[in-house]
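Enquirer: take a look and give me a structure for this.
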Amino acid sequence: MDDRPRSRRRETGAASARSLLLTVLGEFVLPRHAAAWTAALVTALAELGVEEKAARQALSRTAAEGLLTSEREGRRVRWHLTPAGTRLLEEGTERIYGFGRRVEEWDGRWLILTVSVPETQRQLRHRLRTRLTWAGLGSPLPGLWVSPYADKEKEVAVVIEELGVESFSFTGPFGIVGDQQKVVADAWALDAVEERYAAFLRAFRSEKAATTTAAFRDQVRLVQEWRRFPFLDPALPAPLLPATWPGPAAAALFHARHDHWHAAAQEHWDELAGNAELRS
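Expert: Numbering: from 1, shown residues only. Now for the predicted structure:
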């Protein structure tokens with residue numbers, strides 16, 4: 001997965017069907033600690049614009065990854081989250097709903113990480129970039145990663161140990177050489193993230209769901225969009241961001257819309273699940 005924002009095709013293919021499936025599982029199946037019939041999941045994905053074939057492929061792929069397990073009853077199948085699937089979705093839920101709510105005083109200390117991976121080891125380089133980007137680090141220069149949160153050092157140390165790469169780190173305040181804002185500009189594509197926030201605000205600021213079906217669709221779409229921001233936005237301290245940074249406004253809108261649509265969206269899922277149960 002590329003760590004820079006990019007344009008995305010409409011969510012009708014197999015890869016995006018899986019992403020939508022994970023959102024549905026996290027929003028509606030995980031909280032109930034119960035299985036879900038194939039019919040309910042396929043119908044839910046159909047309402048989100050996913051064809052039946054792609055929906056079934058997404059279920060098979062997710063099961064093959066060890067996140068779901070199937071239980072057959074006659075000709076029908078219902079799906080249970082595995083411990084690995086439950087853990088993944090719980091961690092994702094914590095990250096998604098906690099993102100944008102952390103307000104801390106910055107102590108001015110940076111984490112600086114140097115890491116060496118030969119260019120021939122492309123898969124390892126990709127895994128390292130993905131893990132460090134997910135941890136909120138940016139790379140202003142080849143082989144150099146930084147974060148304005150020095151307390152991330154232990155988290156980063158786990159990544160380095162698990163991947164087995166050569167590295168060493170420093171923590172401390174920015175020195176007298178160089179420009180802090182230039183490091184930020186070189187390490188993170190904040191302009192692209194800002195544009196993505198602006199698009200999010202435009203898309204959901206005036207959205208209104210008149211029915212439970214619409215609330216279900218809008219809630220999944222809302223979470224689907226928001227879940228990308230913890231990966232795209234390094235959540236930098238306020239002193240390193242423009243005064244007009246739209247992140248806080250987007251976070252406030254996400255939680256307001258989610259709270260507003262929650263009951264109706266859950267009611268619609270219960271209806272889908274109930275209809276699937278009646279077909280047994």
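
Enquirer: per-residue confidence at residue 4?
Expert: Each residue has a pLDDT score; the one for residue 4 is 35.

Enquirer: which residues of the stretch 101-250 of the chain fall in strands?
Expert: With DSSP state E, counting those that start in this stretch as the definition, the stretch 101-250 of the chain shows strands at residue ranges 109-116, 138-141, 144-147, 166-173.

Enquirer: mind giving me the packing neighbours of the third one?
Expert: The one in question is strand 144-147. Here strand 144-147 is seen to pack against strand 109-116, strand 138-141 when contacts are counted using 3 or more CB pairs under 8 Å, 6 or more residues apart in numbering; DSSP states H and E. (Glycine included, C-beta is placed from N, CA and C.)

Enquirer: strands paired with the first one, and their directions?
Expert: In this case it means strand 109-116. Strands adjacent to strand 109-116 in the sheet, as given by DSSP bridges, are strand 144-147 (antiparallel), strand 166-173 (antiparallel).

Enquirer: quick one, which of the ones you listed is nearest to residue 189?
Expert: Closest of the strands paired with strand 109-116 to residue 189 is strand 144-147, at 14.4 Å (criterion: CB to CB).

Enquirer: follow-up on the earlier one: need the winner for burial among the strands of the stretch 101-250 of the chain.
Expert: Each of the strands of the stretch 101-250 of the chain was scored by mean neighbour count; the highest is strand 144-147, a mean of 21, by mean count of other CB atoms under 10 Å.

Enquirer: about what we covered before: distance to residue 92 and mean pLDDT added to the strands of the stretch 101-250 of the chain, as a markdown table?
Expert: Rendered in a markdown table, the data for the strands of the stretch 101-250 of the chain read as follows (distance: least, CB to CB, whole Å; pLDDT from 0 to 100):
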| stretch | distance to residue 92 | mean pLDDT |
| --- | --- | --- |
| strand 109-116 | 24 | 94 |
| strand 138-141 | 22 | 95 |
| strand 144-147 | 21 | 96 |
| strand 166-173 | 27 | 94 |
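
Enquirer: now render those as TSV, adding distance to residue 44.
Expert: Rendered in TSV, the data for the strands of the stretch 101-250 of the chain read as follows (distance: least, CB to CB, whole Å):
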stretch	distance to residue 44
strand 109-116	41
strand 138-141	37
strand 144-147	38
strand 166-173	43
